[in-house]
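A.B. asks: Structural data only, the sequence is not supplied:
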């Protein structure tokens with residue numbers, strides 16, 4: 001079955017209008033919104049009715065910190081419903097995958113009551129600023145059965161069949177924006193409506209959105225409003241940093257609500273009807289921990305996740321989770337003292353997205369002088385960032401530290417009143433795989449969408465995968481296994497960074513003392529119909545540039561609507577089934593064996609030095625063939641190469 005969720009506030013365009021504007025849908029396609037009525041989400045639930053957290057009475061079951069020996073009770077209960085709801089869309093997708101001499105429906109029906117054998121799918125969207133958001137959006141459009149064109153030769157249904165959807169930094173903006181806007185489709189977010197600033201990237205984040213009925217009037221009032229909102233948090237006696245400003249400004253582009261939804265909280269996702277009924281995958285955002293009085297982020301950094309119920313880490317350096325709704329409460333030793341009240345609203349939606357992308361704090365600082373901003377804004381930010389290296393205000397501050405006094409034997413922050421979090425990609429794990437490889441979640445296959453800027457011209461070369469693999473050998477990995485991956489040169493020389501590749505196909509390569517990790521389906525950003533290697537720190541995109549990069553991501557996900565890889569959808573279906581075949585002892589169908597022979601990395605290495613990597617577009621950027629032009633949309637072809645990467649400037 002296919003799910004459709006409409007977007008509050010957005011007016012949904014007819015197919016004819018969409019086709020004339022973007023080439024999105026043909027005139028015979030149904031208009032958006034015809035499958036369901038408008039549903040308003042209960043996201044603006046901060047008790048202060050604004051950006052600031054507020055003191056509230058604690059619930060009768062007082063919040064506590066729990067250890068990470070298992071997933072939460074909330075998640076385990078939710079999974080019972082969600083896993084069942086993935087069955088029908090999984091069958092639909094596998095049927096369209098057309099695995100010859102294999103009855104996908106009969107197989108899934110035979111294992112659907114066995115949640116260990118039923119394929120458990122995760123999707124991970126990498127960081128990389130707007131490049132990652134747009135390229136990742138293209139993949140999700142191709143994987144979403146609600147999107148026109150995804151069912152023709154795309155991967156439509158994978159999103160509906162997935163259990164988890166993780167994002168980091170720019171990928172976190174994508175995941176966060178989808179859930180903040182009623183689980184909207186990429187089409188709906190891309191096309192927007194009159195008066196909406198969502199995904200209007202033609203106005204950069206420093207200027208703010210254009211005047212409209214639901215936003216500010218000009219750049220000055222935009223920044224005065226942000227300053228007032230951040231000041232309200234200070235007035236409530238909570239520390240603030242530049243992440244508060246960054247998260248607030250992000251929200252105007254990502255959340256379709258007045259002033260970017262200052263009262264929206266991330267934990268309120270758990271209260272929305274579509275999520276409580278388990279109609280959507282579980283969203284997870286990722287950040288890294290940083291020790292106090294340091295600037296170094298290494299593979300030994302603690303990886304934190306934010307899900308609708310909790311924030312915390314499976315890493316042994318913390319091994320604990322805190323209730324997200326009550327961050328900001330005064331936890332000590334894992335509990336809130338009797339007689340103390342609780343705090344709610346600290347997990348403001350933009351602040352959580354900003355935490356995962358705190359690398360951009362320096363981007364914000366670097367670019368302030370380029371814009372005509374009110375002095376109150378530049379003065380405030382300068383004040384916050386004075387003594388940057390000493391006061392650590394370049395990061396996201398979680399004060400009071402929810403893990404204060406907890407697990408002091410291994411928790412290096414147990415004695416700190418402040419928890420310091422930074423961009424989730426600063427430890428080089430730029431794909432948010434960490435939450436999805438945890439044995440407690442039992443994920444079988446991860447579609448890893450990599451928009452990293454690893455090379456001179458901003459293309460990926462597998463660095464994120466290598467970081468996760470190398471980390472698995474350290475004590476911080478806590479025994480969690482990860483598939484082997486080759487060096488950067490091999491990725492480039494063998495073309496592993498320009499086409500989908502499977503890692504971890506042979507389960508015999510893993511030791512038996514820990515559960516077999518998921519199969520990784522690596523989907524790297526590469527040019528099909530647009531130069532999608534824009535700089536991580538480019539803040540502005542015209543509508544046509546935005547649409548072209550999203551379209552390119554759609555073509556990456558579908559291998560040019562199967563014009564580049566005619567077997568791709570079949571092989572994606574085989575990847576979904578691979579771990580299940582192993583668990584049930586099922587003979588691999590010949591069609592799948594051919595897929596594994598073609599798409600699995602077989603251990604071959606070619607470490608010949610690469611002087612400069614410049615890929616050749618998979619399709620003709622100037623004149624796409626009718627066969628490769630998908631119904632999802634086209635727009636004008638071509639987006640100039642952006643050479644170089646903006647250097648981060650640390651001001652001390």
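C.D. replies: Sure thing, it's come through. All values reported here derive from a predicted model rather than from experimental measurement.
A.B. asks: Flag the shaky bits of the stretch 201-350 of the chain, pLDDT-wise.
C.D. replies: For the stretch 201-350 of the chain, applying pLDDT under 70 flags the ranges 211-217, 293-296.
A.B. asks: ditto for the chain
C.D. replies: For the chain, applying pLDDT under 70 flags the ranges 1-42, 211-217, 293-296, 360-374, 376-394, 621-652.
A.B. asks: residue closest to the middle of it?
C.D. replies: residue 167 (1.6 Å; C-alpha atoms, centre = their mean).
A.B. asks: Let's verify that residue: helix, strand, or coil?
C.D. replies: strand (DSSP: H, G, I helix; E, B strand; the rest coil).
A.B. asks: List the contacts of it.
C.D. replies: The neighbourhood of residue 167, defined by C-beta atoms under 8 Å, 6 or more residues apart in numbering, consists of 124-125, 136, 173-176, 283-286, 356, 432. Just so you know, the C-beta spots here come from the backbone N, C-alpha and C atoms, and that holds for glycine as well.
A.B. asks: now do residue 423
C.D. replies: Applying C-beta under 8 Å, 6+ apart, the residues near residue 423 are 127, 169, 287-288, 356-360.
A.B. asks: what ranges do the strands span in the stretch 301-450 of the chain?
C.D. replies: 303-306, 310-313, 320-323, 331-332, 335-336, 342-344, 396-398, 419-423, 445-450 (DSSP state E, counting those that start in this stretch).
A.B. asks: Packed most tightly, which of those would that be?
C.D. replies: Across these, averaging neighbours per residue (mean count of other C-beta atoms under 10 Å) puts strand 445-450 on top, at a mean of 28.
A.B. asks: Who are the packing partners of that strand?
C.D. replies: Here strand 445-450 touches strand 121-125, helix 129-143, helix 463-471, strand 519-524, helix 568-584, going by 3 or more C-beta pairs under 8 Å, 6 or more residues apart in numbering; DSSP states H and E.
A.B. asks: Are there helices or strands packed against the longest one, and which ones?
C.D. replies: Going back to what we said before, that points to helix 568-584. By 3+ C-beta pairs under 8 Å, 6+ apart, helix 568-584 packs against helix 87-97, helix 104-111, helix 158-161, strand 445-450, strand 519-524, helix 590-599.
A.B. asks: Mind putting these into CSV with distance to residue 459?
C.D. replies: Formatted as CSV, the helices and strands packed on helix 568-584 follow (distance: least, C-beta to C-beta, whole Å):
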stretch, distance to residue 459
helix 87-97, 28
helix 104-111, 35
helix 158-161, 24
strand 445-450, 9
strand 519-524, 8
helix 590-599, 20
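A.B. asks: on that earlier part again, TSV for the helices and strands packed on strand 445-450, including distance to residue 618 and mean neighbour count?
C.D. replies: Formatted as TSV, those follow (distance: least, C-beta to C-beta, whole Å; neighbours: other C-beta atoms under 10 Å):
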stretch	distance to residue 618	mean neighbour count
strand 121-125	21	29
helix 129-143	14	29
helix 463-471	21	23
strand 519-524	12	27
helix 568-584	12	23
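A.B. asks: For residue 375, find the nearest of the ones you listed.
C.D. replies: Closest approach to residue 375 among the helices and strands packed on strand 445-450 (C-beta to C-beta): helix 129-143, 27.7 Å.
A.B. asks: The closest one: how far from the chain's middle?
C.D. replies: Remark: helix 129-143 is offset 9 Å from the chain centroid, using C-alpha atoms, centre = their mean, to the nearest Å.
A.B. asks: Please produce CSV containing the contacts of residue 167, extended by distance to residue 218.
C.D. replies: Formatted as CSV, the contacts of residue 167 follow (distance: C-beta to C-beta, whole Å):
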residue, distance to residue 218
124, 39
125, 33
136, 31
173, 24
174, 28
175, 31
176, 26
283, 33
284, 37
285, 31
286, 35
356, 29
432, 36
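A.B. asks: Go through these and name the one nearest residue 528.
C.D. replies: Of all these, residue 136 has the smallest distance to residue 528: 15.1 Å, by C-beta to C-beta.
A.B. asks: what's near enough to touch the closest one?
C.D. replies: 125-126, 167, 170-171, 174, 449, 451, 553.
A.B. asks: Which two among those residues are spaced furthest apart?
C.D. replies: Longest span within the contacts of residue 136, C-beta to C-beta: 167 and 553, 14.2 Å.
A.B. asks: thought residue 313 was touching residue 67?
C.D. replies: No: checked against C-beta atoms under 8 Å, the pair residue 313 and residue 67 is beyond contact range at 11.1 Å.
A.B. asks: overlap in contacts of those two?
C.D. replies: Shared contacts of residue 313 and residue 67, counting by C-beta under 8 Å, 6+ apart, come down to 319-320.
A.B. asks: follow-up on the earlier one: buried ones among the contacts of residue 167?
C.D. replies: For the contacts of residue 167, a burial check counting by 16 or more other C-beta atoms under 10 Å picks out 124-125, 136, 173-176, 283-286, 356, 432.
A.B. asks: In helices, which of these fall?
C.D. replies: Using DSSP state H, the subset of the buried ones among the contacts of residue 167 located in helices is 136, 173-176, 356.
A.B. asks: distance of residue 314 from residue 588?
C.D. replies: Between residue 314 and residue 588 the distance is 32 Å, computed by C-beta to C-beta, to the nearest Å.
A.B. asks: neighbour count winner among those two?
C.D. replies: residue 314 (25 against 16; other C-beta atoms under 10 Å).
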